[in-house]
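A.B. asks: got a sequence here, can you model it:
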Amino acid sequence: MNAAPGAPGAAGGPPPAALAPHAETFARLAVANITREYPNFPAHLLAGPEELVAPRIHHPAFYGAYDWHSSVHMHWLAMRLLRHGLPATAAGRATEALDAHLTAGALATEAGYLRDHPSFERPYGWAWLLMLTAESAAHDDGRWFTALAPAARTVADLVLAWLPKARYPVRHGTHANSAFALGLVLDSAERAAVPDVVEPVRAKLRAWFEDDRAGALRWEPSGQDFLSPLLTEADAFRRVAAPGEFTGWMSSFLPELTEADREGRALLLEPPEVTDHSDGQIGHLHGLCFSRAAALHTLADALGDSRSRILRDTASAHLDAGMSALGSGDFTTDHWLATFAVLALEPAATDAPA
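C.D. replies: Numbers count the residues shown, from 1 in each chain. This is a model prediction of the structure:
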């Protein structure tokens, strides 16, 4: 089985073949965005006029890339690409930006903000902070990990306080989606040095999704999805399923896959049509292409049966559709989309033929 999208590759190794032509461009996008304070969409609830301050006052590390969660995962992108071996100039710029932002003082301020605002960026931004911390553990001298670890501990404590109250999952295909975020938490918790969240997260995913049946692909997409509610749920349950359990669960959860296999039809899941690339919400659908592709590849590996071919073919169509939107120069997509391209390209590059 392939690693999950957040799992580490070989430190310092070359980029996967599918990613290599884009790595330098993606690194340039990441650095440009994490150092760009405006335009900015703060999610800060103002308690009084004295809190109407520049974004970097509340967020000295993650002030850029339009919003907090995008800043966090674009830091992850820059750090991830460093491990793949960037050209010297691009690597130097990425390292310089990461060193400037990921300091003990800046991250202490970020951790304090999270403690003081316990629903801020829940759960999507939390998950990406753990992913960033886990990625930092792969770098040799540990300076970024040391700076990030207290903030990761803060996120873990917030997760543990929230899970008992989270009676129902959020299933829509945007930032609040429960399955996607908790899947990333499972991918990153051990390497982020917060292993105590793993079992509570696993238990919650099972409680939410174990008995789900008869999902229908015609339910997707909604008009501003960048995540697939069905596929992110399946990919989350993949992470917690007992040995031998997942194939049967998928047959019950997405029976159309079995029908497609039996009747020789392609999976009825087409890349979305994006009617306005400059509209930030409609433009989310570009990300849906990538998140679907990533999930479809890992699900194909997990199933390992005749359905895998259908999943991989569908993933390839979505990956091709998403790549057309990259590096457009339009900030509404450039501030976040390359992260999701990497999540899709890494599994695609390591996939074995069905």
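
A.B. asks: what's the burial count for Asp279?
C.D. replies: By other Cβ atoms under 10 Å, the residues close to Asp279 number 14. Using the backbone N, CA and C atoms, a C-beta is placed for each residue, glycine as well.

A.B. asks: same question, Ala166
C.D. replies: Ala166 is flanked by 16 other residues according to other Cβ under 10 Å.

A.B. asks: can you list the low-confidence ranges for the stretch 51-200 of the chain?
C.D. replies: Residues of the stretch 51-200 of the chain meeting the criterion pLDDT under 70: none.

A.B. asks: would you map the helices across it?
C.D. replies: 55-58, 68-83, 88-101, 104-116, 124-136, 143-162, 178-188, 198-209 (DSSP state H, counting those that start in this stretch).

A.B. asks: who wins for proximity to Ser278 among these?
C.D. replies: helix 68-83 (16.9 Å; Cβ to Cβ).

A.B. asks: before we move on, the earlier item: distance to His172 and mean neighbour count added to the helices of the stretch 51-200 of the chain, as JSON lines?
C.D. replies: Output for the helices of the stretch 51-200 of the chain, formatted as JSON lines (distance: least, Cβ to Cβ, whole Å; neighbours: other Cβ atoms under 10 Å):
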{"stretch": "helix 55-58", "distance to His172": "27", "mean neighbour count": "17"}
{"stretch": "helix 68-83", "distance to His172": "16", "mean neighbour count": "26"}
{"stretch": "helix 88-101", "distance to His172": "31", "mean neighbour count": "16"}
{"stretch": "helix 104-116", "distance to His172": "24", "mean neighbour count": "17"}
{"stretch": "helix 124-136", "distance to His172": "12", "mean neighbour count": "27"}
{"stretch": "helix 143-162", "distance to His172": "18", "mean neighbour count": "20"}
{"stretch": "helix 178-188", "distance to His172": "10", "mean neighbour count": "26"}
{"stretch": "helix 198-209", "distance to His172": "14", "mean neighbour count": "17"}
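
A.B. asks: which of these sits closest to Val274?
C.D. replies: Ranking the helices of the stretch 51-200 of the chain by their distance to Val274 (criterion: Cβ to Cβ) puts helix 68-83 first, at 18.7 Å.

A.B. asks: the strands in the chain, which residues?
C.D. replies: Under the criterion DSSP state E, the chain contains no strands.

A.B. asks: ok, and the closest non-adjacent residue to Phe62?
C.D. replies: Sequence neighbours aside, Ser71 is the residue nearest to Phe62 in space, at 3.9 Å (criterion: Cβ to Cβ, 6 or more residues apart in numbering).

A.B. asks: using CSV, lay out the helices of the stretch 51-200 of the chain together with distance to Pro255.
C.D. replies: Shown next, in CSV, are those (distance: least, Cβ to Cβ, whole Å):
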stretch, distance to Pro255
helix 55-58, 47
helix 68-83, 34
helix 88-101, 45
helix 104-116, 41
helix 124-136, 29
helix 143-162, 33
helix 178-188, 19
helix 198-209, 16
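
A.B. asks: Ala321: which of those helices is closest?
C.D. replies: Among the helices of the stretch 51-200 of the chain, the nearest to Ala321 by Cβ to Cβ is helix 178-188 (19.7 Å).

A.B. asks: just checking, what packs against the closest one?
C.D. replies: helix 124-136, helix 198-209, helix 229-240 (3 or more Cβ pairs under 8 Å, 6 or more residues apart in numbering; DSSP states H and E).

A.B. asks: JSON lines for those helices, including distance to Ala321?
C.D. replies: As requested, these are arranged in JSON lines below (distance: least, Cβ to Cβ, whole Å):
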{"stretch": "helix 124-136", "distance to Ala321": "23"}
{"stretch": "helix 198-209", "distance to Ala321": "27"}
{"stretch": "helix 229-240", "distance to Ala321": "15"}
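
A.B. asks: tell me which of the helices of the stretch 51-200 of the chain sits nearest to Ala236.
C.D. replies: helix 178-188 (3.9 Å).

A.B. asks: quick check: angle from the closest one to helix 229-240?
C.D. replies: 30 degrees (axes from the mean of the first three to the mean of the last three Cα atoms, to 10 degrees).

A.B. asks: for Gly280, which of the helices and strands packed on helix 178-188 is the nearest?
C.D. replies: Of the helices and strands packed on helix 178-188, the one closest to Gly280 (Cβ to Cβ) turns out to be helix 124-136, at 15.8 Å.

A.B. asks: residues making contact with the closest one?
C.D. replies: Here helix 124-136 makes contact (Cβ atoms under 8 Å, 6 or more residues apart in numbering) with 6, 8, 68-69, 72-73, 75-76, 79-80, 83, 102, 144-145, 148-149, 151-152, 155-156, 158-159, 175-177, 180-182, 184-185, 187-194.
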